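Undergrad: curious how this folds, go ahead:
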Amino acid sequence: MARYTGPKTKIARKFGEAIFGEDKSFEKKNYPPGQHGNNKRRGKKSEYAIQLMEKQKAKYTYGILERQFRNLFKKANQSKGVTGEVLLQLCESRLDNIVYRMGIASSRSAARQLVSHRHITVNGELCNIPSRIIKAGEVIGVREKSKTISSIESSLSNSSTVFEWMSWNSDRMEGVFVSIPERQNIPENIKEQLIVELYSK
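TA: Next up is the predicted model:
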(Lines give C-alpha, C1' and ligand atoms only; values in the text may rest on other atoms or scores of the structure.)
Protein backbone atom coordinates (compact mmCIF):
# COMPACT_ATOMS: atom_id res chain seq x y z
CA MET A 1 0.00 0.00 0.00
CA ALA A 2 1.24 3.50 -0.80
CA ARG A 3 2.69 5.44 2.13
CA TYR A 4 4.36 8.81 2.38
CA THR A 5 8.10 8.15 2.48
CA GLY A 6 9.40 11.65 1.75
CA PRO A 7 11.10 14.12 4.11
CA LYS A 8 9.09 14.37 7.34
CA THR A 9 10.52 17.74 8.33
CA LYS A 10 9.01 19.29 5.19
CA ILE A 11 5.55 18.06 6.24
CA ALA A 12 6.07 19.26 9.83
CA ARG A 13 7.05 22.72 8.52
CA LYS A 14 3.92 22.79 6.37
CA PHE A 15 1.73 22.42 9.47
CA GLY A 16 3.92 24.55 11.72
CA GLU A 17 4.45 21.87 14.36
CA ALA A 18 6.57 18.73 14.83
CA ILE A 19 3.77 16.21 14.20
CA PHE A 20 6.21 13.30 13.81
CA GLY A 21 7.91 13.86 17.17
CA GLU A 22 11.14 15.56 18.13
CA ASP A 23 12.82 17.08 15.08
CA LYS A 24 16.01 19.19 15.24
CA SER A 25 15.69 20.24 11.60
CA PHE A 26 12.18 21.57 12.27
CA GLU A 27 13.44 23.59 15.24
CA LYS A 28 15.93 25.33 12.93
CA LYS A 29 13.35 26.08 10.23
CA ASN A 30 9.91 26.23 11.84
CA TYR A 31 8.31 28.11 8.95
CA PRO A 32 6.56 26.78 5.80
CA PRO A 33 8.76 25.23 3.09
CA GLY A 34 9.14 26.82 -0.35
CA GLN A 35 11.30 29.28 -2.25
CA HIS A 36 9.87 32.29 -0.44
CA GLY A 37 11.14 31.06 2.90
CA ASN A 38 9.91 32.80 6.01
CA ASN A 39 7.69 35.28 4.17
CA LYS A 40 5.12 36.91 6.44
CA ARG A 41 3.02 38.11 3.49
CA ARG A 42 1.63 34.73 2.50
CA GLY A 43 -2.01 34.99 1.48
CA LYS A 44 -4.82 34.46 3.95
CA LYS A 45 -6.17 30.89 3.86
CA SER A 46 -9.80 30.23 2.99
CA GLU A 47 -12.11 28.35 5.35
CA TYR A 48 -11.87 25.28 3.10
CA ALA A 49 -8.04 25.45 3.07
CA ILE A 50 -7.94 25.55 6.89
CA GLN A 51 -10.30 22.56 7.16
CA LEU A 52 -8.36 20.60 4.53
CA MET A 53 -5.06 21.31 6.30
CA GLU A 54 -6.46 20.01 9.59
CA LYS A 55 -7.58 16.79 7.90
CA GLN A 56 -4.16 16.37 6.26
CA LYS A 57 -2.46 16.97 9.60
CA ALA A 58 -4.54 14.22 11.24
CA LYS A 59 -3.82 11.81 8.37
CA TYR A 60 -0.06 12.42 8.51
CA THR A 61 -0.01 12.27 12.32
CA TYR A 62 -1.64 8.83 12.46
CA GLY A 63 -0.20 7.60 9.14
CA ILE A 64 -3.60 6.89 7.57
CA LEU A 65 -4.42 7.12 3.87
CA GLU A 66 -7.46 8.97 2.51
CA ARG A 67 -9.75 5.97 1.95
CA GLN A 68 -9.05 4.54 5.42
CA PHE A 69 -9.53 7.95 7.01
CA ARG A 70 -12.83 8.51 5.19
CA ASN A 71 -14.05 5.07 6.32
CA LEU A 72 -13.13 5.91 9.91
CA PHE A 73 -15.10 9.16 9.58
CA LYS A 74 -18.16 7.26 8.27
CA LYS A 75 -17.90 4.88 11.22
CA ALA A 76 -17.59 7.82 13.64
CA ASN A 77 -20.50 9.61 11.99
CA GLN A 78 -22.76 6.59 12.47
CA SER A 79 -21.90 6.25 16.16
CA LYS A 80 -23.87 7.81 19.03
CA GLY A 81 -21.08 10.04 20.35
CA VAL A 82 -19.65 13.35 19.12
CA THR A 83 -18.38 12.60 15.59
CA GLY A 84 -15.04 14.43 15.83
CA GLU A 85 -14.24 12.96 19.23
CA VAL A 86 -15.14 9.41 18.13
CA LEU A 87 -12.98 9.86 15.01
CA LEU A 88 -9.89 10.59 17.12
CA GLN A 89 -10.78 7.75 19.49
CA LEU A 90 -10.88 5.35 16.53
CA CYS A 91 -7.47 6.62 15.39
CA GLU A 92 -6.13 6.09 18.92
CA SER A 93 -7.59 2.56 19.01
CA ARG A 94 -5.63 1.38 15.95
CA LEU A 95 -3.09 -1.34 16.75
CA ASP A 96 -0.11 0.57 15.30
CA ASN A 97 -0.96 3.63 17.40
CA ILE A 98 -1.29 1.58 20.60
CA VAL A 99 2.08 -0.11 19.96
CA TYR A 100 3.55 3.40 19.65
CA ARG A 101 1.73 4.73 22.75
CA MET A 102 2.94 1.78 24.84
CA GLY A 103 6.52 2.65 23.94
CA ILE A 104 7.23 -0.57 22.03
CA ALA A 105 8.15 1.56 18.99
CA SER A 106 9.66 5.05 18.82
CA SER A 107 7.26 6.26 16.10
CA ARG A 108 3.98 5.25 14.49
CA SER A 109 5.74 4.26 11.26
CA ALA A 110 8.12 2.02 13.26
CA ALA A 111 5.10 0.57 15.10
CA ARG A 112 3.37 -0.17 11.78
CA GLN A 113 6.49 -2.01 10.60
CA LEU A 114 6.68 -4.10 13.79
CA VAL A 115 3.04 -5.13 13.37
CA SER A 116 3.43 -5.89 9.64
CA HIS A 117 6.52 -8.02 10.33
CA ARG A 118 4.61 -10.14 12.86
CA HIS A 119 6.40 -9.04 16.03
CA ILE A 120 3.21 -8.06 17.89
CA THR A 121 0.49 -10.21 19.46
CA VAL A 122 -3.12 -9.39 20.39
CA ASN A 123 -4.57 -11.59 23.14
CA GLY A 124 -1.66 -13.98 22.62
CA GLU A 125 -2.26 -14.37 18.87
CA LEU A 126 0.03 -12.93 16.19
CA CYS A 127 -1.52 -9.97 14.37
CA ASN A 128 -0.02 -8.27 11.30
CA ILE A 129 -2.83 -5.77 10.60
CA PRO A 130 -1.75 -2.26 11.74
CA SER A 131 -5.24 -0.82 11.18
CA ARG A 132 -7.00 -3.32 13.46
CA ILE A 133 -9.22 -1.50 15.95
CA ILE A 134 -8.42 -2.71 19.46
CA LYS A 135 -11.23 -3.03 21.99
CA ALA A 136 -11.04 -2.18 25.69
CA GLY A 137 -9.58 -5.08 27.69
CA GLU A 138 -7.53 -6.57 24.85
CA VAL A 139 -3.89 -7.45 25.57
CA ILE A 140 -1.11 -6.25 23.25
CA GLY A 141 2.33 -7.79 23.63
CA VAL A 142 5.66 -8.49 21.97
CA ARG A 143 6.05 -11.95 20.43
CA GLU A 144 8.35 -14.19 22.50
CA LYS A 145 10.99 -14.50 19.74
CA SER A 146 10.98 -10.71 19.21
CA LYS A 147 11.60 -9.60 22.81
CA THR A 148 15.35 -9.29 22.26
CA ILE A 149 15.12 -7.04 19.17
CA SER A 150 17.37 -4.05 19.88
CA SER A 151 14.99 -1.42 18.49
CA ILE A 152 12.17 -2.62 20.78
CA GLU A 153 14.45 -2.75 23.83
CA SER A 154 15.81 0.72 23.03
CA SER A 155 12.35 2.21 22.55
CA LEU A 156 11.02 0.73 25.81
CA SER A 157 14.05 1.94 27.79
CA ASN A 158 13.62 5.48 26.43
CA SER A 159 9.84 5.56 26.93
CA SER A 160 8.69 7.47 30.00
CA THR A 161 5.19 8.66 29.07
CA VAL A 162 2.39 6.77 30.79
CA PHE A 163 -1.17 7.04 29.44
CA GLU A 164 -3.98 6.38 31.90
CA TRP A 165 -6.09 4.45 29.38
CA MET A 166 -3.53 1.66 29.08
CA SER A 167 -1.31 -0.37 31.38
CA TRP A 168 2.11 -1.93 30.73
CA ASN A 169 3.92 -4.90 32.30
CA SER A 170 7.64 -4.50 31.53
CA ASP A 171 8.53 -7.99 32.78
CA ARG A 172 6.11 -9.72 30.41
CA MET A 173 6.49 -7.04 27.72
CA GLU A 174 2.75 -6.72 27.27
CA GLY A 175 0.09 -4.16 28.02
CA VAL A 176 -3.67 -3.84 28.29
CA PHE A 177 -5.77 -1.33 26.37
CA VAL A 178 -7.83 -0.54 29.46
CA SER A 179 -10.35 1.88 27.95
CA ILE A 180 -11.03 4.19 25.02
CA PRO A 181 -9.39 7.56 25.87
CA GLU A 182 -11.44 10.68 26.53
CA ARG A 183 -10.77 13.58 24.13
CA GLN A 184 -9.10 15.73 26.80
CA ASN A 185 -6.56 12.96 27.41
CA ILE A 186 -5.49 12.63 23.77
CA PRO A 187 -2.35 14.81 23.44
CA GLU A 188 -2.51 15.41 19.68
CA ASN A 189 -3.12 19.03 18.64
CA ILE A 190 -5.92 18.35 16.15
CA LYS A 191 -9.05 20.47 15.76
CA GLU A 192 -11.37 17.59 14.91
CA GLN A 193 -14.41 19.83 14.42
CA LEU A 194 -12.79 21.31 11.30
CA ILE A 195 -12.46 17.79 9.85
CA VAL A 196 -16.15 17.12 10.56
CA GLU A 197 -17.10 20.37 8.83
CA LEU A 198 -14.99 19.46 5.79
CA TYR A 199 -16.51 15.99 5.35
CA SER A 200 -20.01 17.32 6.01
CA LYS A 201 -19.97 19.66 2.99
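Undergrad: quick one: low-confidence residue ranges for this protein.
TA: 1-6, 8-10, 12-43 (pLDDT under 70).
Undergrad: mind giving me the domain ranges of it?
TA: 8-90+191-199, 94-179 (automatic domain parsing).
Undergrad: closest one to Asn185 among those domains?
TA: domain 94-179 (6.6 Å; CB to CB). No exception for glycine: its C-beta is placed from N, CA and C like everyone else's.
Undergrad: so how far is that closest one off the chain centroid?
TA: Remark: domain 94-179 is offset 13 Å from the chain centroid, using CA atoms, centre = their mean, to the nearest Å.
Undergrad: related to what we said a few turns ago, ranking the domains of the chain by burial, who's on top?
TA: domain 94-179 (a mean of 17; mean count of other CB atoms under 10 Å).
Undergrad: look up how far Ser200 lies from the nearest residue to Leu87 once chain neighbours are set aside.
TA: Nearest residue to Leu87 in three dimensions, chain neighbours excluded: Ala76, at 4.1 Å (CB to CB, 6 or more residues apart in numbering). Distance, Ala76 to Ser200, using CB to CB, to the nearest Å: 12 Å.
Undergrad: before we move on, the earlier item: wait, isn't the residue nearest to Leu87 in contact with Val86?
TA: Yes: using CB atoms under 8 Å, Ala76 is in contact with Val86, at 4.0 Å.
Undergrad: returning to that earlier point: any chance of the domains of the chain in a markdown table, plus distance to Asn185?
TA: Listed next are the domains of the chain as a markdown table, based on distance: least, CB to CB, whole Å:
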| stretch | distance to Asn185 |
| --- | --- |
| domain 8-90+191-199 | 10 |
| domain 94-179 | 7 |
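Undergrad: what sits against Ser155?
TA: With contacts defined as CB atoms under 8 Å, 6 or more residues apart in numbering, the neighbours of Ser155 are 103-106, 110.
Undergrad: just these now: which is nearest Ala49?
TA: Nearest to Ala49 among the contacts of Ser155, with distances taken as CB to CB, is Ala110, at 31.4 Å.
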